[in-house]
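**Q** Coordinates for the following, if possible.
(4 chains)
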Number of protein chains: 2
Amino acid sequence: MGEPRKQRANGIESRRRILDAAVEIAGERGYEGTSIAAVSARCGLPASSIYWHFKDKDDLIAAVIERSFDAWLSAMDLPGEHSGTPRERVEQMAASVAKSLVDAPDFLRLGLMLALERRPEEPRGRTVFLQVRQVARRRVAEITAALLPDLDDASIDLLATYAVAAADGLFIAHQTDHDAIDLIGLFELHARLLFDAALRLTDPERPHP
Amino acid sequence: MGEPRKQRANGIESRRRILDAAVEIAGERGYEGTSIAAVSARCGLPASSIYWHFKDKDDLIAAVIERSFDAWLSAMDLPGEHSGTPRERVEQMAASVAKSLVDAPDFLRLGLMLALERRPEEPRGRTVFLQVRQVARRRVAEITAALLPDLDDASIDLLATYAVAAADGLFIAHQTDHDAIDLIGLFELHARLLFDAALRLTDPERPHP
DNA sequence: TTCCAACTGTAGTGACCGATACAGCAACGG
DNA sequence: CCGTTGCTGTATCGGTCACTACAGTTGGAA
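**A** Sure, this is the predicted structure:
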């Protein structure tokens, strides 16, 4: 069997243009509001090209989510070195996440839009988003456990759930009221609150500050 | 001039049925996905009745938001008595908000769905939601200032913004993963984190816990 | 009883929806 | 040169969209 035939140059280029247009429109108008005609008009390619690259509209949206997720991951450079105190490491992580969300907001933006919907036949992009997000939550739980070994499992789970859920909320506030919200500052506060809470949970007898 | 003619009994009843159907469908499928035909099918009234009660689709969605807001407000019984320590009062408020969001989730649910969209011609329901939410944020800031008079304005603003934004995130987590998320417990944690952070902000020299 | 406002039912409007059929074109391997 | 493959252009499908025209129907006021 022959190797897969090399695709022509403007094939991947067209796919990129379609996804670029789709991520814009989906971010403006949601799943249902993303019409193929609108994507076609914005990227300058006919509908038949969109349907050549993607099976159907659901497949297109799922591809948008997946590409946005990759872009977000590479925008977020988690500090690999285990440097500094645990508190500093938590603050570094929060800053890194905040910066990545400012630079590559599409993934969380579209994902949350899909997540809030509950249509009878769930879009594939929604399940992809929820799965990825579940993985992220577990990662946060692992890191929390590594930084604060004294925490019991229930506390770790509660903290991790709170950490990512609240981060979603801060992100939405930033997206909704772009000018008035300092996302970086909010994530700094978020990190401090979380760390203090973690310390309190390790030693419930600690007096209130 | 005669007094406004009393409307017939099943006029308001029909209006209620339309709104009930619309809030369900809008909560499932978002703004664009809420078709008049679907609302008509679910409430059993023809499209012409919907257009008699509401000017157009935008007006219907706005009415849904407004009614959901009223329902949410009356589901949230904020403790009027200034009883207990400030810490206890904050925890009571958080519990009250959490309970109201479990009992009457439609307002925040639909509002956040609309808030995340950015269509060129903004739906009226979205502006209504954002305005109401801004008022709520100011109320939180006022209460914070009253409970902790030593806080400067910038800290109050930061805390209030964080408080409502994070609450949104917790709510979304609960809506998205209804079974695995204990919204009441998360709001308890939320209240404690906020109060500790407020204390820290009043006295930055306070040693870390 | 008559009248009129408050609705409801029927039957559409043109525009748009997602999706497809299919011919045509460019570029490559042979 | 040919044939195959990757991709685009045109044209259209049946279905659904928001919305409307308009003729009932109902019930209280006069």
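**Q** all helices for chain A, in order.
**A** Secondary structure of chain A (DSSP state H): helices at A:9-33, A:36-43, A:47-53, A:57-75, A:86-103, A:106-116, A:124-147, A:153-176, A:183-202.
**Q** Report the distance from the second one to the chain centre.
**A** Yep, that's helix A:36-43 we're talking about. With C-alpha atoms, centre = their mean, to the nearest Å as the basis, helix A:36-43 stands 25 Å off its chain's centre.
**Q** is that helix up against chain B anywhere?
**A** No: under the criterion of C-beta under 8 Å from any C-beta of the partner chain, chain B is not reached by helix A:36-43; the shortest gap measures 11.0 Å. Glycine gets a C-beta too; all of them are placed from N, C-alpha and C.
**Q** Tell me the buried residues in that helix?
**A** Neighbour counts using 16 or more other C-beta atoms under 10 Å in any protein chain shown place A:36, A:38, A:39, A:40, A:43 of helix A:36-43 among the buried residues.
**Q** and the last one, what does it touch?
**A** Which is residue A:43. A:14, A:17, A:18, A:20, A:21, A:22 (C-beta atoms under 8 Å, 6 or more residues apart in numbering or on different chains).
**Q** The third one reaches residue A:50, doesn't it?
**A** Yes: taking C-beta atoms under 8 Å as the definition, residue A:18 is a contact partner of residue A:50 at 5.6 Å.
**Q** what sits in contact with each of those two?
**A** A:39, A:60.
**Q** more crowded one of these two?
**A** Shown here are residue A:18 and residue A:50; by other C-beta atoms under 10 Å in any protein chain shown, residue A:18 has more neighbours (25 against 22).
**Q** and DNA strand D, which of the contacts of residue A:43 contact it?
**A** When the contacts of residue A:43 are filtered against DNA strand D using C-beta under 7 Å from any atom of the strand, the residues retained are residue A:14.
**Q** returning to what we had before: would JSON lines of the helices of chain A with mean pLDDT and distance to residue B:153 be doable?
**A** Output for the helices of chain A, formatted as JSON lines (pLDDT from 0 to 100; distance: least, C-beta to C-beta, whole Å):
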{"stretch": "helix A:9-33", "mean pLDDT": "93", "distance to residue B:153": "34"}
{"stretch": "helix A:36-43", "mean pLDDT": "98", "distance to residue B:153": "44"}
{"stretch": "helix A:47-53", "mean pLDDT": "97", "distance to residue B:153": "51"}
{"stretch": "helix A:57-75", "mean pLDDT": "97", "distance to residue B:153": "34"}
{"stretch": "helix A:86-103", "mean pLDDT": "94", "distance to residue B:153": "23"}
{"stretch": "helix A:106-116", "mean pLDDT": "97", "distance to residue B:153": "30"}
{"stretch": "helix A:124-147", "mean pLDDT": "94", "distance to residue B:153": "33"}
{"stretch": "helix A:153-176", "mean pLDDT": "96", "distance to residue B:153": "19"}
{"stretch": "helix A:183-202", "mean pLDDT": "92", "distance to residue B:153": "15"}
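**Q** and these as a markdown table, adding distance to residue B:138?
**A** Below are the helices of chain A laid out as a markdown table (distance: least, C-beta to C-beta, whole Å):
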| stretch | distance to residue B:138 |
| --- | --- |
| helix A:9-33 | 29 |
| helix A:36-43 | 37 |
| helix A:47-53 | 45 |
| helix A:57-75 | 33 |
| helix A:86-103 | 25 |
| helix A:106-116 | 25 |
| helix A:124-147 | 31 |
| helix A:153-176 | 14 |
| helix A:183-202 | 17 |
